[in-house]
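# Below are the sequence and a predicted model; questions follow.
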There are 2 protein chains.
Amino acid sequence: MITLFQQSDSGNCYKVRLTLTHLGRPFRAVEVSSLDGSTRKPEFLARNPIGKVPTVALDDGRYLAESNAILLHVAEGSALLPGDAYDRAKVYEWLFFEQYSHEPAIAVRRALTVYPQRRAAATPERMAQLLDAGTFALSVMEARLGATSWLAGDAFSIADIALYAYTHSAHEGGFDLAAYPGIRAWLARVRALPGHVEL
Amino acid sequence: MITLFQQSDSGNCYKVRLTLTHLGRPFRAVEVSSLDGSTRKPEFLARNPIGKVPTVALDDGRYLAESNAILLHVAEGSALLPGDAYDRAKVYEWLFFEQYSHEPAIAVRRALTVYPQRRAAATPERMAQLLDAGTFALSVMEARLGATSWLAGDAFSIADIALYAYTHSAHEGGFDLAAYPGIRAWLARVRALPGHVEL
């Protein structure tokens, strides 16, 4: 059985739980906080030298890190990862977009807003820069989701799971989704799927 | 034939050229600069709504963006992407590490150093923060490359290509590789491969 080392309110960890739940794969969760320094302790760094959650121990005991790498690995061969080469490549594209252009703006602005330990870093300049970057990322999603049901190909995939994680809590970071009807309809579609679990 | 829309001195674009060259796949390169606003023009945004290079037009005319998504797509079925599920997952892990923890520090610090258009953003605070983040990323690579020849599994892969791109030019951003003998030996191994091309 997979062991998930997680901080349960992290969207990156939520992605992994949501994927495993959709796949019907049982897992064991172990809480490790990045806020109290636990992810930088030697016993955790032995599992993942980058010192981040989520990290998983697979069935054979070997470790894997990086949320979207975990999603790609566990979804291999399932309906959550398209078999068609181009649709699959579009999943990759959205996963890298999420980690480069979306999470560092939308998740970080939420963290600076909701975690008292992070508030010292929430300068007006930084918050304005994150708002701009996050608004751009949302506009890219809206351009796609205003026209189609799912981000990659024509079916729900791990691209939707990866982007759902921090988009559904974007309002906690000060992003108003009123201007994005395509995104709001997509959030509702994801939530309505059988097997959906909330954060 | 693949058409690569690129800014030729970008490491993210160099990754794609190096991968296609190792694969022996001919391609056509079209220069599009992110520095003069060309990547934000409507004709380019129609190809890639994120407005970034590299973007490729595949053999069938469909577009694909995000450098590491392009690498995964073109390397599918080749020796540059392991068939073993775990080794392949470790390639994914390094590719996401590269885009989240390496490129935003090491490539950005180089850009702020070498492009006159970017120098206004190179405040002492920002440069110090990027030095810390990039030094941490290099320490993670050194921990692996001090012990093994290649980043993922036991063979050269697109994980090595993706990390080579900005590691080999890290000194241009003020990173001194003297303290990383494992990384320096790996850079030499990559350069010595048949089919290697420089930036």
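Perfect, I can see it now.

# A:G77: how many residues sit nearby?
When neighbours are counted by other CB atoms under 10 Å in any protein chain shown, A:G77 registers 9. For glycine as for every other residue, the C-beta is placed from the backbone atoms N, C-alpha and C.

# which residues sit in contact with it?
Contact analysis of A:G77 by CB atoms under 8 Å, 6 or more residues apart in numbering or on different chains lists nothing.

# And the pLDDT at it?
We have a pLDDT of 97 for A:G77.

# The one 3 residues further on too?
pLDDT, A:L80: 98.

# cool, and the one 10 residues further on?
As predicted, A:K90 sits at a pLDDT of 98.

# That one reaches B:L64, doesn't it?
Yes - using CB atoms under 8 Å, A:K90 makes contact with B:L64 at a distance of 7.4 Å.

# just checking, what packs against the lengthiest helix in chain A?
Identified as the longest helix of chain A according to DSSP state H is helix A:124-145. Under the contact definition 3 or more CB pairs under 8 Å, 6 or more residues apart in numbering or on different chains; DSSP states H and E, helix A:124-145 sits against helix A:108-114, helix A:158-167, helix A:181-192.

# if we go to 7 Å?
Other elements packing on helix A:124-145 under the criterion 3 or more CB pairs under 7 Å, 6 or more residues apart in numbering or on different chains; DSSP states H and E are helix A:108-114, helix A:181-192.

# and that helix, average pLDDT?
Rounded mean pLDDT across helix A:124-145 is 97.

# Output that helix as CSV, nothing but the C-alphas.
Extracted in CSV, the C-alpha atoms of helix A:124-145 (Å, rounded to 0.1, in the frame of the first residue of the first chain):
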residue,chain,number,x,y,z
PRO,A,124,2.3,44.9,-0.7
GLU,A,125,4.7,44.6,-3.7
ARG,A,126,4.9,40.8,-3.4
MET,A,127,1.1,40.5,-3.1
ALA,A,128,0.5,42.8,-6.1
GLN,A,129,3.0,40.8,-8.2
LEU,A,130,1.4,37.5,-7.2
LEU,A,131,-2.1,38.9,-8.0
ASP,A,132,-0.9,39.8,-11.5
ALA,A,133,0.8,36.5,-12.1
GLY,A,134,-2.2,34.5,-10.8
THR,A,135,-4.7,36.5,-12.8
PHE,A,136,-2.8,35.7,-15.9
ALA,A,137,-2.7,32.0,-15.1
LEU,A,138,-6.5,32.1,-14.5
SER,A,139,-7.0,33.9,-17.9
VAL,A,140,-5.1,31.1,-19.6
MET,A,141,-7.4,28.5,-18.0
GLU,A,142,-10.5,30.4,-18.8
ALA,A,143,-9.6,30.6,-22.5
ARG,A,144,-9.6,26.8,-22.5
LEU,A,145,-12.5,26.1,-20.1
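
# tell me the angle it makes with helix A:181-192.
80 degrees (axes from the mean of the first three to the mean of the last three CA atoms, to 10 degrees).

# who touches helix A:124-145?
A:101-102, A:105-106, A:108-109, A:112, A:151, A:163, A:174-175, A:180, A:182-183, A:186, B:49-50 (CB atoms under 7 Å, 6 or more residues apart in numbering or on different chains).

# In CSV, list the C-alpha atoms belonging to the lowest-mean-pLDDT helix or strand in chain A.
Least confident helix or strand of chain A, by mean pLDDT, DSSP states H and E, is helix A:42-45 with a mean of 92. What follows is helix A:42-45, C-alpha atoms only, in CSV (Å, rounded to 0.1, in the frame of the first residue of the first chain):
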residue,chain,number,x,y,z
PRO,A,42,17.4,14.3,8.4
GLU,A,43,14.9,11.4,8.7
PHE,A,44,12.6,13.2,6.1
LEU,A,45,15.4,14.3,3.9
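
# tell me the domain boundaries of chain A?
Residue ranges for the domains of chain A, per automatic domain parsing: A:2-75, A:85-192.

# check contacts around the residue nearest to A:E66 when sequence neighbours are not counted.
Closest residue to A:E66 apart from its sequence neighbours, by CB to CB, 6 or more residues apart in numbering or on different chains: B:F96 at 4.0 Å. Contacts of B:F96 were listed using CB under 7 Å, 6+ apart, and they are A:66, A:68-69, A:99.

# how about a cut-off of 10 Å?
A:50, A:65-70, A:72, A:95-96, A:98-100, B:68, B:102, B:162 (CB atoms under 10 Å, 6 or more residues apart in numbering or on different chains).

# Quick check: which element contains it?
helix B:85-97 (DSSP states H and E).

# Please work out how many residues are found near the closest residue to A:G146 other than its chain neighbours.
Using CB to CB, 6+ apart and skipping the chain neighbours, the partner closest in space to A:G146 is A:G182 (3.4 Å). When neighbours are defined as other CB under 10 Å, A:G182 has 16 of them.

# Looking at A:G182 now. What's its pLDDT?
We have a pLDDT of 98 for A:G182.

# Same check on A:L199?
So A:L199 comes in at 87 (pLDDT).

# With A:S157 instead?
pLDDT, A:S157: 98.

# Next: A:L35.
The model's pLDDT for A:L35 equals 80.

# Excluding residues flanking it in the chain, which one is nearest it?
A:Q117 (5.5 Å).

# likewise A:V108?
Using CB to CB, 6+ apart, the closest residue to A:V108 is A:L130 (6.0 Å).

# Number of residues surrounding the one you found?
23.

# repeat for A:I2
Neighbour number of A:I2 under other CB under 10 Å is 17.

# List the backbone torsions phi and psi for it.
Backbone torsions of A:I2, given as degrees, to the nearest 10, read phi -70, psi 140.

# who's in contact with it?
Neighbour list for A:I2: A:16, A:20, A:25-29, A:56-59, A:64, A:70, A:74 [criterion: CB under 10 Å, 6+ apart].

# buried residues in the helix holding B:F96?
Using 16 or more other CB atoms under 10 Å in any protein chain shown as the test for burial, helix B:85-97 gives B:87-97.

# List just the nearest of these to A:E43.
A:E43 lies nearest to B:E93 out of the buried residues of helix B:85-97, by CB to CB, at 19.8 Å.

# on that earlier part again, for the residue nearest to A:G146, list the residues it contacts.
So A:G182 contacts A:141-149 (CB under 10 Å, 6+ apart).
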